[in-house]
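Engineer: Have a look; sequence and predicted model below, questions after that.
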Amino acid sequence: MAIQGALPVAFAAVFPHGAFALGVEAITDFETKRPQLDKDTGLPLWAVDVIDADPEARGKAKSVKVKVAAEVCPTLPDEVPGLPFRPIEFEAMAVMPYVDDNGRRPRVAYSLRARGVKAPGGVAGGRRAPAAKDAA
């Protein structure tokens, strides 16, 4: 089968009404207590807590975590006066379906990933550190 791993997806397909960031934290490996690393890039993984702005979203679908692989903690967009949370967009999103069998009945669930974060319509932030040739 040609499809393996995470499937690329547009931010607007996942969050058509937009999204808000609550915070970001490092993902720690449960057994080693060390930062969990992305299998593809070898970079540390960070979890951004997100609220879906879709007024129809309920339960587990209302609040999700998006994993971002980056050398340093992604920088969240600035706060917007008058809003309780920070509006956010993700760059180069991907979705990984898996079977969640923790409930009464197994169900298909999705793990969300991104390569970076930015303010809606704004400049990117929280990307990987520049390569040595780019930093000079």
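Structural biologist: In hand now; what should we look at? Please read these numbers as outputs of a predicted model, since none were measured by experiment. Residues are numbered from 1 along each chain as shown.
Engineer: need the strands for this protein, in chain order.
Structural biologist: Assigned by DSSP state E, the chain shows strands spanning 7-8, 19-26, 45-52, 63-69, 86-91, 94-100, 107-114, 116-118, 124-125.
Engineer: Average pLDDT for the first one, rounded please.
Structural biologist: With pLDDT averaged residue by residue, strand 7-8 scores 92.
Engineer: so what strands line up beside it?
Structural biologist: Here strand 7-8 is paired, per DSSP bridges, with strand 94-100 (antiparallel).
Engineer: any residues touching the partner strand, and which ones?
Structural biologist: Residues from elsewhere that reach strand 94-100 (Cβ atoms under 8 Å, 6 or more residues apart in numbering): 5-9, 14, 106-114. Quick note: C-beta positions are derived from backbone N, CA and C, even for glycine.
Engineer: Give me the angle between that strand and strand 107-114.
Structural biologist: Angle of strand 94-100 versus strand 107-114, following axes from the mean of the first three to the mean of the last three Cα atoms, to 10 degrees, is 150 degrees.
Engineer: Now strand 94-100: buried residues?
Structural biologist: Under the neighbour-count criterion of 16 or more other Cβ atoms under 10 Å, strand 94-100 has residue 94 buried.
Engineer: what bits of this structure have low per-residue confidence?
Structural biologist: 1-2, 122-136 (pLDDT under 70).
Engineer: Now for residue 120: which residues touch it?
Structural biologist: With contact taken as Cβ under 8 Å, 6+ apart, residue 120 is in contact with 18, 77, 87-89.
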